[in-house]
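>>> no sequence on hand, only this structure:
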């Protein structure tokens, strides 16, 4: 079981804001690109996002589903990785003074990942988590220094250029 923690120099609310935006999944999860919600309202239980993983010339479309959510403190996900199977990923946010201690716990559930799980595989997950948590920290801390950063809240309706109507941001 790969468990890793990282202290992020913002409060838990700022970290949760990033985790709760399904469009931003690819910004902090190592190996993913182009994430977007496909079912439900992320991060509510049962909601899912789809994303692409690129391995050289190969492109795999994968999906992650919320299995448990305690708003602001805990998010448990099941990541489907095609032929590799599924993994449980639990992310816990703990206040640590004025900062946030983020704890990630991941382990394979089904498929090849579970059958082939060993100490070498565990080491790779640890390296991935180190990079993932560093990305998440950088993203959250940068936004704390540049509030909004030009991003609009999800679901905000804006007027389309010359469309005479509205579109969703």
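Thanks, I have the structure now. All figures in this text were calculated on a predicted structure; none of them were measured in a lab.
>>> what's the longest helix in this protein?
helix 119-145 (DSSP state H).
>>> quick check: mean pLDDT of that helix?
With pLDDT averaged residue by residue, helix 119-145 scores 85.
>>> so where do the strands sit in this structure?
Using DSSP state E, the strands of the chain run over 2-8, 32-39, 48-55, 58-70, 74-80, 86-96, 99-110, 157-159, 166-168.
>>> closest to residue 129 out of those?
Smallest distance to residue 129 across the strands of the chain (Cβ to Cβ): 4.1 Å, for strand 2-8. Every C-beta, even on glycine, is put in place using the N, C-alpha and C of the backbone.
>>> given the closest one, what are its sheet partners and their directions?
Sheet pairing of strand 2-8 (DSSP bridges) gives strand 99-110 (antiparallel).
>>> next, the angle strand 86-96 makes with the strand it pairs with.
Angle, strand 99-110 to strand 86-96, by axes from the mean of the first three to the mean of the last three Cα atoms, to 10 degrees: 170 degrees.
>>> who's in contact with stretch 119-139?
With Cβ atoms under 8 Å, 6 or more residues apart in numbering as the contact definition, stretch 119-139 has outside contacts at 1-2, 4-6, 8-9, 15, 18, 24, 27-31, 102, 104, 106, 113.
>>> so what's the residue nearest to the spatial centre of the chain up against?
By Cα atoms, centre = their mean, the chain has its centre lying nearest to residue 25, at 4.1 Å. Residue 25 makes contact with 32, 35, 49, 51, 64, according to Cβ under 8 Å, 6+ apart.
>>> redo that, cut-off 10 Å
By Cβ atoms under 10 Å, 6 or more residues apart in numbering, the residues touching residue 25 are 18-19, 32-37, 42-43, 49-51, 64, 77.
>>> for residue 50, same thing?
Contacts of residue 50 (Cβ under 10 Å, 6+ apart): 22, 25, 32, 34-39, 61-64, 80.
>>> hmm, back to that, what about the residue nearest to the centre of the chain, distance to residue 74?
17 Å (Cβ to Cβ, to the nearest Å).
>>> likewise residue 21?
17 Å.
>>> and what of residue 135?
Taken as Cβ to Cβ, the span from residue 135 to residue 74 is 20 Å.
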